[in-house]
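Undergrad: Let's see this in three dimensions:
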Amino acid sequence: MEYIVEKIGMSRTVSVPSVPVTLLKVVETKVCEVNENGSALVSYSFGKKSNKPIEGQQKKYNLSSEFNRFTTLSKVNNSEAGDLDLSPLESATTVQSSFDTKGRGFAGVMKRHGFAGGPGAHGSRFHRRTGSIGNAEFPGRVQPGQKMPGQYGNTRNSVKNEIVSFDKEQGIIVLKGSVSGANGKIGRLKVVK
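TA: Residues are numbered from 1 along each chain as shown. Down below sits the predicted model:
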């Protein structure tokens, strides 16, 4: 089963030993239509943007104006349209969460790949630079996959975590360990076991 979740943040359990946990909130989701293979078109609320095509979809599926995002979930527990069924989360022990990592923009090799860099003083003129990237006469080109400066972060990352607890009324899942992404980001949660 797959769900749309929002990352609330991190905390820890009040026990000995203390365990770091991540709090996720299950976003209120409406199932619009269910396909034969178990996947479903769903709608959820995110932001305030709305336009004519979204309003047409809302009218088609009898949704209120707050449900302004549409996506497809690979597997749901519902057999017909309505509220998304959360019962599989009550018995689940392990889940896989997928979030976009924090974007860090265009970064150099020291930040992006952990290069050591050069001496900080005494006129070395090689402080935070890449250094040599190529070979001599043969093959006379930069090898594919060479670690160089570039876009760092803002990539999809999936992590498996154990469920510590699940509050069905509030829709809050407590996972053992960390999950990628910034607080407030929307991601997906898939029940593994």
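Undergrad: mind listing the helices in the chain by residue range?
TA: Assigned by DSSP state H, the chain shows helices spanning 52-60, 87-91, 109-113.
Undergrad: avg pLDDT for the second one?
TA: Rounded to a whole number, the mean pLDDT of helix 87-91 is 92.
Undergrad: got it, and the last one?
TA: When pLDDT is averaged over helix 109-113, the result is 96.
Undergrad: List the buried residues for it?
TA: Neighbour counts over helix 109-113 (16 or more other CB atoms under 10 Å) mark V109, R112 as buried. Using the backbone N, CA and C atoms, a C-beta is placed for each residue, glycine as well.
Undergrad: which other residues reach it?
TA: R104, F115, A116, G117, R128, R129, T130, K147, M148, P149, G150, Y152 (CB atoms under 8 Å, 6 or more residues apart in numbering).
Undergrad: what about the last one, neighbour count?
TA: By that I understand Y152. By the criterion of other CB atoms under 10 Å, Y152 has 17 neighbours.
Undergrad: My guess is it contacts K102. True?
TA: No: assessed by CB atoms under 8 Å, Y152 is found out of contact with K102, at 9.5 Å.
Undergrad: returning to what we had before: any idea which of the helices of the chain is most buried?
TA: When these are scored by mean count of other CB atoms under 10 Å, the highest mean neighbour count falls to helix 109-113 (a mean of 16).
Undergrad: With only the CA atoms kept, save it in CSV.
TA: Output of helix 109-113 as CSV, limited to C-alpha atoms (Å, rounded to 0.1, in the frame of the first residue of the first chain):
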residue,chain,number,x,y,z
VAL,A,109,34.2,19.3,-5.0
MET,A,110,34.9,19.8,-1.3
LYS,A,111,31.3,20.1,-0.4
ARG,A,112,29.8,17.8,-3.0
HIS,A,113,32.4,14.9,-2.9
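Undergrad: now it, how far from the chain's geometric center?
TA: Centroid displacement of helix 109-113 relative to its chain, using CA atoms, centre = their mean, to the nearest Å, is 22 Å.
Undergrad: that older thread, out of the helices of the chain, which gets nearest to T22?
TA: Nearest to T22 among the helices of the chain is helix 87-91 (15.0 Å), distances taken as CB to CB.
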